[in-house]
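Undergrad: Here is a sequence together with a model predicted from it:
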Amino acid sequence: MDRCQRANNALRINGLGAPRAFQTELLRRIPFPNVGYGEDYAVALRLSREYRIGRIYENLYLCRRWKGNTDAAIGIGKANRNDAFKDSLRTLEILARQNLNRPRGIR
């Protein structure tokens with residue numbers, strides 16, 4: 001798989017699963033949307049534009065879910081709004097990557 005395919009894999013999915021961890025130094029240097037939903041996905045998309053991201057398949061710790069802290073049991077209307085927001089994040093990221101790939105005089 002070439003570099004572009006790896007870098008674009010996060011654009012093909014509707015989230016990166018939970019939990020996520022990001023290097024604080026990068027978060028302070030790279031701008032990303034300040035939102036109440038999907039911020040972790042926005043951060044991962046933004047970071048994967050310039051850095052490789054990875055996945056750890058082993059359990060690192062146990063977590064629990066309780067009513068209200070997950071998307072697992074939301075209504076179809078809210079799920080559609082959440083999906084539309086993530087679609088907008090992907091669109092913005094695709095446009096940013098296309099801009100990076102244009103010759104310098106055309107941006």
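TA: Ah, there it is.
Undergrad: Show me which helix runs longest in this structure.
TA: The helix that spans the most residues within the chain, counting by DSSP state H, is helix 76-101.
Undergrad: Quick check, central residue of the protein?
TA: Y41 (2.5 Å; CA atoms, centre = their mean).
Undergrad: What strand or helix carries the closest residue in space to it that isn't next to it in sequence?
TA: Among residues not flanking Y41 along the chain, G15 sits closest, at 5.4 Å (CB to CB, 6 or more residues apart in numbering). Where C-beta positions appear, they are placed from N, C-alpha and C, glycine not excepted. For G15, there is no helix or strand it lies in under DSSP states H and E.
Undergrad: now P31
TA: Per DSSP H and E: nothing holds P31, as it lies in no helix or strand.
Undergrad: what's the answer for E25, then?
TA: Secondary structure from DSSP H and E places E25 in helix 24-29.
Undergrad: what does that helix rub up against?
TA: Applying CB atoms under 8 Å, 6 or more residues apart in numbering, the contact partners of helix 24-29 are 43, 47, 51.
Undergrad: Any regions of the chain where pLDDT drops low?
TA: For the chain, applying pLDDT under 70 flags the ranges 1-7, 18-19, 64-72, 105-107.
Undergrad: tell me the SS of the residue nearest to the centre of the chain?
TA: Under DSSP: H, G, I helix; E, B strand; the rest coil, Y41 falls in the helix class.
Undergrad: Test my guess that it contacts S88.
TA: No. Contact criterion CB atoms under 8 Å: Y41 and S88 do not qualify, at 11.1 Å.
Undergrad: how many neighbours does N82 have?
TA: 16 (other CB atoms under 10 Å).
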